[in-house]
Every structure is written in C-alpha cells, then in structure tokens.
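1. Quick check, what structure comes out for this input:
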Amino acid sequence: MHTLFPVQASAKNSHLDANPEPDIEAIQWSLISHLVECFLLEQWVDEHFIQVTTTTEYLANHQTTQAQNVRQSLKMLSEQYRDFFDQNNPLMVMQVDQDRQLLLLVEPAYSSPWRLSKSCLPVIHSVNDSRNNNFNNDLNSILNNKHHKDSALLKPVSSAQHLLDIFLLMMDSATLSDVGVLKLKESLEASFIAQKQSATANIATTVCQHTHWHQTLIAAEQWASLMDRPFHPLAKGKLGFTAQEYKRYMAEFNQPITLVWVAIAKSHVMVAEHIQDTTTQNPAKYLLDTTQQQKLMRELDDKGITQTHIAMPVHPWQMTHVVDDIYADDLANGTVVALTFDALITYASSSMRSMLIDADTPNSIKLPIGVYALNSKRYLPALKLINGEKNQAILMQARTLDPVLSAQLRLWDERLWWGYMSPSHLHDKSAINPQFYQEKPTHLGAMLRQPPADLCDDTIRLLPMASLGMLVYQQGVSHHVFDGIVQEGIHSTSQNSAQESAPQNKKLAVIACFKNLCDVFLGTMLRCLRLGFAPEMHGQNIVIVLRDNRFTSLLLRDHDSVRIHLPWLARYQIADPEYLSPPDFKNRLYRETPQALIFYLQSLGLLVNLRAIIESLVEHYHINEETLWHEAMASIEESLVTIDFDDDQRQILRDELLSNSHYPHKTLLLPVIGRGSDPHGSMPAGESKTINPFMRVKKSR
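-> Model (predicted):
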C-alpha cells in the first residue's frame, strides 16, 4: 500500500545506513495522487473524455482478444494490479488520444467523488491493434515505451512529471500559457526534489514530551513542515533555494539559523501604529537579551549611527540573494548599513520565514524572504501589515462580544512592525501610497509576534494544526503527534471497558481526542462566522493549545488573511475596517455573501486542515474514516444548536455545511498556468466544486 506521507527511509535499509535513501515510490505516489485530484476537481478536460466504470465492465466491453491481452499484460505487473482487476473495483478511463487510454484505479472518497487507490499507480493502455498507430511522439517519449510487445500493453505511470505531461496533452493547447506551463512543470519538479530531501530529515518521533513549551512548538513546526500545505502538489518546491540552502533553511532539518543584521536610517523606516518611540520599540529590544543588546549597541556606536538608524534582523538567504542587490545604492550611501553583529540564533517554522527562538521568550519574528513558494514570493508588504492591524482590532473586539470566543480564540499579537520606505512616502498609510505597490520596500522589514503570556507556560503545549495531519516514519514505522496525547484517554477508557482489547481502547481514545479537537476548532470558527469574519483556517496558521491532554483553545497568527462579511459584522456593531487596496480594486478580504465567507471553513478548514488530520489518523491508527468524518459532522451539528446564531445564519450555515450536495473547492494548478511568471505575493487560486464530505456519512446512517 502507498502512503500520502513522506516515508523518511526505506524500511529495508534504514537500520543499516546512516544516510538512508528516501522512498522514491512513496514520494511519487503522493505527488501523483494530489495531481490526479487537482486534474479531476479543476476539470482540466471536458467530462466526456472521462468515463467511470468497473474493471469487470472494462474488460467485458473490449473485444475478446483485447481483453485477453489486458489479462496477459496484468500478469507482467505487480500483484496489486491483478488483485484490483479481479475484485471488480471502480475504474476511471480517460481517452488520451485515439490509441491510448489512461486508467485510474480509484476508490470513493469523502472530499471528492474519487481518489486514486492506494494500491496502484495510473496505467496507460494501448488499445490500437496497429503497429504503426499514429499516436503522439511526445507521449511515446513520456512513457519511454517505443517498442510495444503486444497490442494491449499496460504500463504504470510512475512519476508525477510524466503524468502531468499526459494531462497537458489531453488539453486544448490553445488555452494554455506556455510560460505558465513551464512554471508549473518547474514547480512540480522542484517539489519532487524537495520531498526527496525532506524525506531524509532526522525528525524526533515525539513532540509533546519536551520539557519546555518553546521546544514543543519548534518540534511541532518540524512535523508541520514535512508536508507544508497538504494536498498541494507544489507545496514543497521553494524556487530560489539551492539543495544546500533547502536543508539549511527548512524547518524539518532543525538547523540553527543565525540572523544577520542591518541598520536602516530612521528616515527610511515606516512603523506600525502602535510604535510610538523607536528607541524603546525596535526589534533588538524584543528579540535580544541584555548582553546581546549591549554588543549590538557598541557596533552602532562605533559606526556613529546609534541615533539615526534602527537595527533590523534579516534572513541570511535574503541578505545574500536580495538585499545586496536591490538595496545596493542604499548600502553604498549609508541609508542601509550592513552589521557584523550575529548573536541571535533562530529556528525556521513551517512557514519558512517565521523564525522562532529556542528560549523562554514570547517573542518571535516574521521576515521577508524572496523565495517562490506556491508560486508566490514571500514578501512582507506594508499594505498587508496595515490590514493585519485592522484585522487584529476586529479579532480583539470579537472576543469581547462572546465569552466562549474570549476563552477559545487567542491571538498572536502582530501589531509591531518595521519596514523600509522611501522618505517621501514614509507617513502615508493611505491606499494611494505608490510605494505600497512596488517590490523593493517589501524585501526589508520585520514583524514581531507575541503570544499571550499565559500560554508561554511549560504546562501547555502549542501545536500547529498542520503537525496533527502528519506522520513521521522511522525505520518503516509511522508516528503521530496524538501518540503522546492519548495515554490519559487510554487509561480512562480501560478503566470503564476492562474487557476491551488495548488496540480498541487506543482507537477509542484517539476518536475522543479527535472529537475534542473538532469541538474546539469547528466551534470556534463557527462563532467567528456568526460575528461576520473568517480567520485564516489553514493548519500552518492555527496553533492549537493543549493543556492536560485536552485541546482548549486556538492561537491565531497571520491576521492579514482574515475575511469579513460586512452585513454580519454590522449586526454586532463591528465597523468596516476600510482595508487598503490598490485604487479601483475591491479588496478580496471583503466577501459579498455569507456563502463566500463560509467558503473558507469549507475549503481550508474542512477540506484541507481537518481532512489532513483525518487521513493521518486513518493511516496510523487504522480507524474507519467514516467514523472521524462523523465526529466532525457531530461537532458542527452540536454547534449549530448551542451557539446563539440568528435564525437566518443558522439556516445558511446548515445548508452550506451539512445539507448541500456540493462544496466549493479551491483550485490550485490551473491558476499557476494562468498567472505565468507574474511575481505575485499571494498564492494563485481559483474556485471549482467538489462533493460535500458529509454526504457519504449521511447516506450510511
């Protein structure tokens, strides 16, 4: 059986080799599975090119000789293919051209109608008897299959890169951007190479057993980084990193990263609204201990810039690849001064540019880094930082309106930031500031992050939700973050069910833990929707708080991504934040309908965040998948009863989340082709539709 998760080392050699090879087949299958899902849900080709049948019907519909040839070809494949055809399983047939068919061996799914069966790779079937059939030479090259042994040859497609080429051949080339196609291929290849590297990372199999809260957070970020954004085929590819830089700067490798520092003239630094005095409110005051601050101040004194400049940390990659180039004039004239100070050691988070400190401090830092991730550059634009301030004000006001939300919705404070800005536009925080739409100012700046003080406690564990949707393999054995959480649940279940086996007790404890997770996550998000806003719901952006082996609250970060629906906000006297956006452009943080707001719970909250957790628990603990989707549905049903929604809100939420047959789905790959080489600061995305994941649960009741 294949796995969606990166297997860090082949079981056959992991105990013998100090540097074991990654399981390439597992990595390719995972990429292929996600690529197939994108192809189907984004509707790359018209439906008439795709037929869903069964293996039995497929053989019966062929001429006798062809069916025999298929069976003969199956004998040359591995046993799982023969078993799949023998058991009359679902089969998806795609017409590549008049001579070739692509066979997807599929099974029903919860978040899409079909998913690739974990037993088999896609298969190309040559269906034309002619030896001189006129099929596409590119396809021949793709399949490395120029010499056919028989007229019904079956050949597995064993790489995502080859499958992408096949999919592209099936499309209307006139609709494709050549630059966009090249960008997609480049990103997919980079993702494959990156996954091979990440599979060699030596990650500790435990997370919650660390002594200190900050150690747990750093360890959990390593887990979260292994898959980055689950189900996105391009997620791991970071265009701009060399292989050596990837291993140095990605969180899973747990490498200490010493930040470099520059001093920027105060005449060129825009600051957050909450910064009144840069002498006492600057990055060094929050990030450095007393000894480090003294060392930094001595260098500033020696250079005679203590009063005129602000010291700013810079990611070392950014300094070498971006700052030295883009800010060459500023470095030459003294506006920006490179410093030798290098005392602050940090560790990458799963988001790559958010840096954590391995010390009992509430402070961490988010920095720009000009690497392409998900086909967008990781800028730090002032416009987004300002909008983030506006959104944090909404989040803080919302906590005062709902006592349960006050307890369950905790906030990383992101209201202190500093960024490069030309003097003529330094104090202009209006939407017409032209510097907000230039690239240069986005590459030199910093945002401070501070969690609530009561959560910086060694009795508490802070876990990015993305870490809960991940498995770590060591010597062929998988590990899950829940392993260190469910022991209390197992103990309590064993006392009440003494006759049950230990494995069953463990499954019950895991299910109870997952239900607790759903109640906190979904209940909190639904309370946010009631007030008219949707926080960022991806697993990298939400940190869940664990106390005494119970999930108790959510800690939000990246407030610039909060979306709002003004009519629902107005019901609770939450004012329009008046987001900044380019002139004559409606900021996409505004959502015109309740359904457009609920989309973020459906897409990022359920179909990405919770789905990843469900699939990891299913694979690791062998729990029935329907059971976990049922628990998620039960949490929603309970929240719709207990939360004080207005009647129209409750009905809309029930319809959108539980009753409608389909969910909107976020498209991922076609928008990459559409964008081409545009160096945008946000991930390209569109919208299609998929099935409601709770439909199968309801039908089985």
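2. Quick test: name the residue nearest the centre of the chain.
-> Against the mean C-alpha coordinate of the chain, by Cα atoms, centre = their mean, the closest residue is R229 at 2.0 Å.
3. contacting residues for that residue?
-> A235, L374, A466, H538, Q540, V608 (Cβ atoms under 8 Å, 6 or more residues apart in numbering). The C-beta positions use only the backbone N, C-alpha and C, and glycine is treated the same way.
4. any idea of the pLDDT on the fourth one?
-> Spelled out, that is H538. pLDDT, H538: 93.
5. Can you mark which positions in stretch 104-124 are buried?
-> 104-106, 109-112, 114-117, 119-124 (16 or more other Cβ atoms under 10 Å).
6. now swap in stretch 564-578 and tell me
-> I564, H565, W568, L569, I574, P577.
7. Just put the residues you listed in JSON lines and tack on pLDDT, distance to I264 and secondary structure.
-> Output for those, formatted as JSON lines (pLDDT from 0 to 100; distance: Cβ to Cβ, whole Å; DSSP: H, G, I helix; E, B strand; the rest coil):
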{"residue": "I564", "pLDDT": "98", "distance to I264": "33", "secondary structure": "strand"}
{"residue": "H565", "pLDDT": "98", "distance to I264": "39", "secondary structure": "coil"}
{"residue": "W568", "pLDDT": "98", "distance to I264": "41", "secondary structure": "helix"}
{"residue": "L569", "pLDDT": "98", "distance to I264": "37", "secondary structure": "helix"}
{"residue": "I574", "pLDDT": "98", "distance to I264": "36", "secondary structure": "coil"}
{"residue": "P577", "pLDDT": "97", "distance to I264": "28", "secondary structure": "coil"}
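8. Do a quick rundown of the helices in the stretch 301-450 of the chain.
-> 316-318, 324-326, 328-333, 382-401, 403-408 (DSSP state H, counting those that start in this stretch).
9. ok, back up a step: closest to L444 among the buried residues of stretch 564-578?
-> For those, the residue nearest L444 by Cβ to Cβ is P577; the value is 26.3 Å.
10. List phi and psi for the closest one.
-> phi -70, psi -10 (degrees, to the nearest 10).
11. low-scoring stretches of the stretch 451-600 of the chain, by residue?
-> 488-501 (pLDDT under 70).
12. how about the strands in it?
-> 460-464, 472-474, 477-479, 533-534, 542-547, 550-556, 563-564 (DSSP state E, counting those that start in this stretch).
13. Among those strands, which comes closest to V181?
-> Of the strands of the stretch 451-600 of the chain, nearest to V181 by Cβ to Cβ is strand 563-564, at 30.9 Å.
14. what's near enough to touch the closest residue to E536 other than its chain neighbours?
-> With sequence-adjacent residues excluded and distances taken as Cβ to Cβ, 6 or more residues apart in numbering, E536 is closest to S561, at 3.9 Å. Counting by Cβ under 8 Å, 6+ apart, S561 makes contact with N391, P535, E536, N541, L589.
15. ok, A67 - contacts?
-> L59, A60.
16. Which element, helix or strand, includes it?
-> helix 64-75 (DSSP states H and E).
17. So what's the gap between that helix and the chain middle?
-> 42 Å (Cα atoms, centre = their mean, to the nearest Å).
18. re earlier: now render the helices of the stretch 301-450 of the chain as CSV, adding mean pLDDT and mean neighbour count.
-> Output for the helices of the stretch 301-450 of the chain, formatted as CSV (pLDDT from 0 to 100; neighbours: other Cβ atoms under 10 Å):
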stretch, mean pLDDT, mean neighbour count
helix 316-318, 98, 21
helix 324-326, 96, 14
helix 328-333, 98, 12
helix 382-401, 98, 20
helix 403-408, 98, 15
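19. Could you export these to a markdown table, including columns for distance to L546?
-> As requested, the helices of the stretch 301-450 of the chain are exported to a markdown table (distance: least, Cβ to Cβ, whole Å):
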| stretch | distance to L546 |
| --- | --- |
| helix 316-318 | 32 |
| helix 324-326 | 42 |
| helix 328-333 | 45 |
| helix 382-401 | 20 |
| helix 403-408 | 13 |
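20. Nearest to P22, out of these?
-> helix 316-318 (23.8 Å).
21. helices or strands next to that closest one in the packing?
-> strand 369-373 (3 or more Cβ pairs under 8 Å, 6 or more residues apart in numbering; DSSP states H and E).
22. how far does the strand it packs on sit from the chain's center?
-> Worked out by Cα atoms, centre = their mean, strand 369-373 lies 15 Å from the chain centre.
23. and what of stretch 206-219?
-> 21 Å.
24. pLDDT on that stretch, on average?
-> In this model, stretch 206-219 has a mean pLDDT of 95.
25. same check, this time on stretch 3-15
-> 57.
26. got it, and stretch 344-355?
-> 96.
27. ends of it, how far apart?
-> 11 Å (Cα to Cα, to the nearest Å).
28. How about it, which residues are buried there?
-> Neighbour-count burial for stretch 344-355 [16+ other Cβ under 10 Å]: L344, T346, Y347, A348, S349, S350, S351, M352, R353, S354, M355.
29. Pick out whichever of those sits closest to Q68.
-> So of these, ranked by how close each gets to Q68 (Cβ to Cβ), first place is S350, at 51.5 Å.
30. okay but the closest one is in contact with P464, surely?
-> Yes. If you go by Cβ atoms under 8 Å, S350 and P464 touch, sitting 6.2 Å apart.
31. May I have stretch 416-424 exported as CSV, CA atoms only?
-> Taking C-alpha atoms only, stretch 416-424 is exported to CSV below (Å, rounded to 0.1, in the frame of the first residue of the first chain):
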residue,chain,number,x,y,z
LEU,A,416,4.5,45.8,16.0
TRP,A,417,6.4,46.0,12.7
TRP,A,418,9.0,48.0,10.9
GLY,A,419,9.6,48.3,7.1
TYR,A,420,11.7,50.0,4.6
MET,A,421,10.0,53.0,2.9
SER,A,422,11.2,56.0,0.9
PRO,A,423,11.2,59.3,2.9
SER,A,424,8.7,61.0,0.6
